[in-house]
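Engineer: Sequence and predicted structure are below.
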Amino acid sequence: MQNILFIDTETFCERTLRGGTYAYAAECEVMLVSWAINDGPPQVWDTQVELMPPDLAAAIHFSKCLVVAHNARFDRNVLRLGNLKIDIPIERWHCTAARALAHSLPAGLEKLCHIMQVDEADKKIDGKALINLFCKPRPKNAKIRRATRDTHPAEWKEFVEYARQDIPALRSLYKKLPSWNYRGEELVLWHLDQRINDRGVAVDTEFSTAAMRTIDRVAGLSANEVNLRTDGEVGAATQRDKLLRYILEAYDVRLPDLKSDTLQRRMDDPDLPEQVKWLIAERLEVSQTSGKKHKALLKAVSADGRMRGLLTFCGAHRTGRWAGQTFQPQNLTRPPKYLEGDAYDEAIDAIKADACDLIYDKPLEVISGTVRGALIAPPGRKLVIADLANIEGRFAAWVCGEEWKLEKFREYDRGIGEDLYKIAYAAAFRVDVKTVDKGLQRQIGKVMELMLQYEGGVGAFLTGAATYGIDLNELAERALPTIPSDVRAEAEDMLTWFRKEKRNTYGLPDDVFVACDSLKRLWRRAHPAITSSWKGLKNGVLNAIGYPGETFTVGKVKIRYSNGWLGIRLPSGRTLCYPRAHIDAQGRIVYEGTNQYTRQWGKVYTYGGKLLENITQAGSRDIMAAAMPKVEAAGFEIVLSVHDELVTEADDKEPFTAEGLSAFLSWNPSWAQGLPLTAAGFETYRYRKE
């Protein structure tokens, strides 16, 4: 039997964890190490007064001893970067938090123990007060700046016992958690993820510092102007409640909230008083998130100018995609069109020269649009970036067997096919693709492709239209005359049914609703394999739950239900996990998971289109993940992944090109034969969106 060292740490640091694990670890002191070997008794090493116990030292130095921790990235880094300088190779580590995320379970220890019914998690000692006492600096007005075993001996004894408590829970989790998605290639991938996080990315701190100066300056001027124009009633546009109350009392305009999309819609109202429009514009400007991004970046950067720990392995529940952490690189604002090309670098130069607010009408929008430019290549190096092209559209067509569409992708990749968004429009309206214009018709095709693949209806189409700036009235006016009469009749019947059932028609005029619903129907007619997959996946799940232990094949995936777990086995061999899945009294598929809106653990409902979305996004992730070890082996050092994009750092030499990186991403794993893949990229010294 392999020896296993279960380990946990308690640390002190003047710095908070808000700047990320790595910046914290470099300045922390490991006070207590709780540990156990195999099923042995939990022990605690007080590093301040004791030498390392011989058994612990032997386990640490024994190369074949597995080291298990919950949130291993934290424990691994405080041990190697903090006062103890214990550097255990990454390949020996195993993380129960990452293993939980890989199976669609929460990473938090207490919540996870409750879900997995780990009795050892019932702690006899509540550690919150003890952690606040010993792990953080005392308040500035306290006589004792730091509490220690000498200043608080009774509490310290209790703290040692508290530290001991986590080991039995950790050991039970290790034994009880499923391992389907945290072994073999996936475990190797987690080890690579740790190296990527250790490597980090270089940061232009001069740029971020200058951006913060501009933000503070602009916010101050805005606050003064708002205060002046409202006769002192509102001190700044950031004061939500005061601003809402002032607009209501002074202008009799009631705003439900100050969300960006709400305010953008009201700005188009011709009857809105100009002063209210000005206040809304100020609110939109000062609410840009760029300040938070730059502040987080400056807090997280290490002494060598690199920011680390940006990725969470399997952080996107169910799909297994990476999620962002600390700086949140996954949700950076896309630059406005006026910052494309050379204008992007010019804007950054203006910010660094403290001239942004002198040159641009909307300086905070400029800062928000250029925030990704804070990530740079160090001297002698460059960033090589590549992105999988339309991978979700390709994967969905492949996994569902939409053969005509796969052939269109192949033709496009060979340079003999048309633009896929034009093809989508042509397929829906059954017209020659060469007659599709580059304007509204192509945009309609784009929205249909991106929003209707997962069983979306009028609401999904509306979201896409708003995202891509489509005028729905113009759409209805131009599209309705070309829509087949039978399709239009079905859409009109749907509108009648919506009204009868008092369903939400989104406040749309009748012709706009009918046009959007018709486009949905046209897209579905053009994609019979994808459309039928929604029902096929739903029925596959219903059958699997009805017949536990049996496997049902739907297209290229296999569905099985056992011991409360619904699993969908992907072509890659990885399994999508749905804990405690069942069918409710209304015949709906229900499982337990994290609600994407409330972020709380509880019941989640799903359906055929959503299952296809999970499969497609998970499969797209697996395509990129399969390429990552090859990318690393070729000398492209991965520093970041953002959805389907890889950001790498390499020597500023000819062998390391965007074409070379793209070739790795376009490579088909053995399990994805027949899936048309292509990628494109660019080289730069400063991160940007092309």
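Structural biologist: Yep, that arrived.

Engineer: Give the residue spans of the stretch 251-400 of the chain that score low on pLDDT.
Structural biologist: Counting by pLDDT under 70, the stretch 251-400 of the chain has low-confidence residues at 261, 289-290.

Engineer: Just the CA atoms of stretch 562-577, as CSV, please.
Structural biologist: What follows is stretch 562-577 as a C-alpha-only set of coordinates in CSV (Å, rounded to 0.1, in the frame of the first residue of the first chain):
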residue,chain,number,x,y,z
SER,A,562,-25.5,4.7,-10.0
ASN,A,563,-25.6,5.4,-6.2
GLY,A,564,-27.2,8.8,-6.7
TRP,A,565,-24.7,10.0,-9.3
LEU,A,566,-25.8,10.7,-12.8
GLY,A,567,-22.7,10.5,-15.1
ILE,A,568,-22.4,11.5,-18.8
ARG,A,569,-19.2,10.0,-20.2
LEU,A,570,-17.7,12.3,-22.8
PRO,A,571,-15.8,11.1,-25.9
SER,A,572,-12.5,12.0,-24.0
GLY,A,573,-13.3,9.6,-21.3
ARG,A,574,-14.0,12.3,-18.7
THR,A,575,-17.4,12.2,-16.9
LEU,A,576,-19.8,15.0,-16.4
CYS,A,577,-21.2,14.6,-12.9
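
Engineer: Enumerate every residue touching Tyr547.
Structural biologist: If you count contacts by C-beta atoms under 8 Å, 6 or more residues apart in numbering, Tyr547 has them with Tyr561. Where C-beta positions appear, they are placed from N, C-alpha and C, glycine not excepted.

Engineer: ugh, wrong one, Leu170
Structural biologist: Contacts of Leu170 by C-beta under 8 Å, 6+ apart are Phe6, Asp8, Val68, Ala69, His70, Thr96, Leu109.

Engineer: CA atoms only: put the helix or strand that contains it into CSV for me.
Structural biologist: Leu170 is part of helix 153-176 when elements are defined by DSSP states H and E. Output in CSV follows, covering the C-alpha atoms of helix 153-176 (Å, rounded to 0.1, in the frame of the first residue of the first chain):
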residue,chain,number,x,y,z
PRO,A,153,-1.3,30.1,26.4
ALA,A,154,-4.8,28.7,27.1
GLU,A,155,-6.1,29.8,23.7
TRP,A,156,-3.0,28.4,22.0
LYS,A,157,-3.6,24.9,23.4
GLU,A,158,-7.2,25.1,22.0
PHE,A,159,-5.8,26.3,18.7
VAL,A,160,-3.5,23.2,18.5
GLU,A,161,-6.5,20.9,19.1
TYR,A,162,-8.5,22.8,16.5
ALA,A,163,-5.7,22.3,14.0
ARG,A,164,-5.7,18.5,14.7
GLN,A,165,-9.4,18.3,13.9
ASP,A,166,-9.1,18.8,10.1
ILE,A,167,-7.0,15.7,9.5
PRO,A,168,-9.7,13.0,10.1
ALA,A,169,-12.1,14.9,7.9
LEU,A,170,-9.4,15.3,5.2
ARG,A,171,-8.6,11.5,5.4
SER,A,172,-12.3,10.6,5.1
LEU,A,173,-12.8,12.9,2.1
TYR,A,174,-9.8,11.3,0.4
LYS,A,175,-11.4,7.9,0.8
LYS,A,176,-15.0,8.9,-0.1
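
Engineer: Show me which residues of it are buried.
Structural biologist: Neighbour-count burial for helix 153-176, counted by 16 or more other C-beta atoms under 10 Å, picks out 155-156, 158-174.

Engineer: Just the buried positions in the next helix or strand after it, please.
Structural biologist: Where DSSP H and E defines the elements, the next helix or strand beyond helix 153-176 is helix 184-199. Within helix 184-199, the residues scored as buried using 16+ other C-beta under 10 Å are Glu186, Leu187, Leu189, Trp190, His191, Leu192, Asp193, Gln194, Ile196, Asn197, Asp198.

Engineer: possible to save those as JSON lines with distance to Trp523 and pLDDT?
Structural biologist: Below are the buried residues of helix 184-199 laid out as JSON lines (distance: C-beta to C-beta, whole Å; pLDDT from 0 to 100):
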{"residue": "Glu186", "distance to Trp523": "35", "pLDDT": "96"}
{"residue": "Leu187", "distance to Trp523": "40", "pLDDT": "97"}
{"residue": "Leu189", "distance to Trp523": "35", "pLDDT": "97"}
{"residue": "Trp190", "distance to Trp523": "38", "pLDDT": "97"}
{"residue": "His191", "distance to Trp523": "42", "pLDDT": "97"}
{"residue": "Leu192", "distance to Trp523": "38", "pLDDT": "97"}
{"residue": "Asp193", "distance to Trp523": "37", "pLDDT": "97"}
{"residue": "Gln194", "distance to Trp523": "42", "pLDDT": "97"}
{"residue": "Ile196", "distance to Trp523": "38", "pLDDT": "97"}
{"residue": "Asn197", "distance to Trp523": "40", "pLDDT": "96"}
{"residue": "Asp198", "distance to Trp523": "45", "pLDDT": "96"}
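
Engineer: Please render those residues as CSV that adds distance to Ala316 to the earlier fields.
Structural biologist: Shown next, in CSV, are the buried residues of helix 184-199 (distance: C-beta to C-beta, whole Å):
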residue, distance to Ala316
Glu186, 15
Leu187, 19
Leu189, 14
Trp190, 15
His191, 19
Leu192, 17
Asp193, 13
Gln194, 18
Ile196, 16
Asn197, 16
Asp198, 21
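
Engineer: Out of those residues, flag the one nearest to Thr238.
Structural biologist: For these, the residue nearest Thr238 by C-beta to C-beta is Asn197; the value is 33.5 Å.

Engineer: For the closest residue to that closest one other than its chain neighbours, give its distance to Arg621.
Structural biologist: Distance criterion C-beta to C-beta, 6 or more residues apart in numbering; nearest residue to Asn197, sequence neighbours excluded, is Gly309 at 5.0 Å. From Gly309 across to Arg621, the span is 20 Å (C-beta to C-beta, to the nearest Å).

Engineer: what's next to stretch 598-615, contact-wise?
Structural biologist: The contact list for stretch 598-615 (C-beta under 8 Å, 6+ apart) reads 106, 111, 115, 318-319, 396, 399-400, 453-456, 530, 533-538, 541, 557, 568, 570, 576, 578, 588-595.

Engineer: Report the buried members of those residues.
Structural biologist: Neighbour counting over these (16+ other C-beta under 10 Å) leaves 106, 111, 115, 318-319, 396, 399-400, 453-456, 530, 533-534, 536-538, 541, 557, 568, 570, 576, 578, 589-594 as the buried ones.

Engineer: Does Gly207 lie in a helix or a strand, and which?
Structural biologist: Rather than Gly, residue 207 is Phe. Assigned by DSSP H and E, Phe207 falls in helix 205-229.

Engineer: again with Leu248
Structural biologist: Per DSSP H and E: Leu248 is located in helix 240-251.

Engineer: hang on, Val639 packs against Val647?
Structural biologist: Yes - contact between Val639 and Val647 holds when scored by C-beta atoms under 8 Å: they sit 5.5 Å apart.

Engineer: Identify the residue nearest the geometric centre of this structure.
Structural biologist: Among the residues of the chain, the one closest to the centroid is Ala323, at 3.7 Å (C-alpha atoms, centre = their mean).

Engineer: check contacts around it.
Structural biologist: For Ala323, the contact set (C-beta under 8 Å, 6+ apart) comprises Leu311, Thr312, Gly315, Ala316, Gln330.

Engineer: And those residues, which two are furthest apart?
Structural biologist: Using C-beta to C-beta, the contacts of Ala323 span at most 11.0 Å, a distance reached by Leu311 and Ala316.

Engineer: Can you check which residues contact both of those two?
Structural biologist: Taking C-beta under 8 Å, 6+ apart as the criterion, Leu311 and Ala316 both touch Trp322, Ala323.

Engineer: Of those two, which one has the most company?
Structural biologist: For Leu311 versus Ala316, neighbours defined as other C-beta atoms under 10 Å are more numerous around Leu311 (23 against 19).

Engineer: Next up, the contacts around that one.
Structural biologist: If a contact means C-beta under 8 Å, 6+ apart, then Leu311 has Asp193, Ile196, Asn197, Trp322, Ala323, Gly324, Gln325, Leu640, Ser641 as its contacts.
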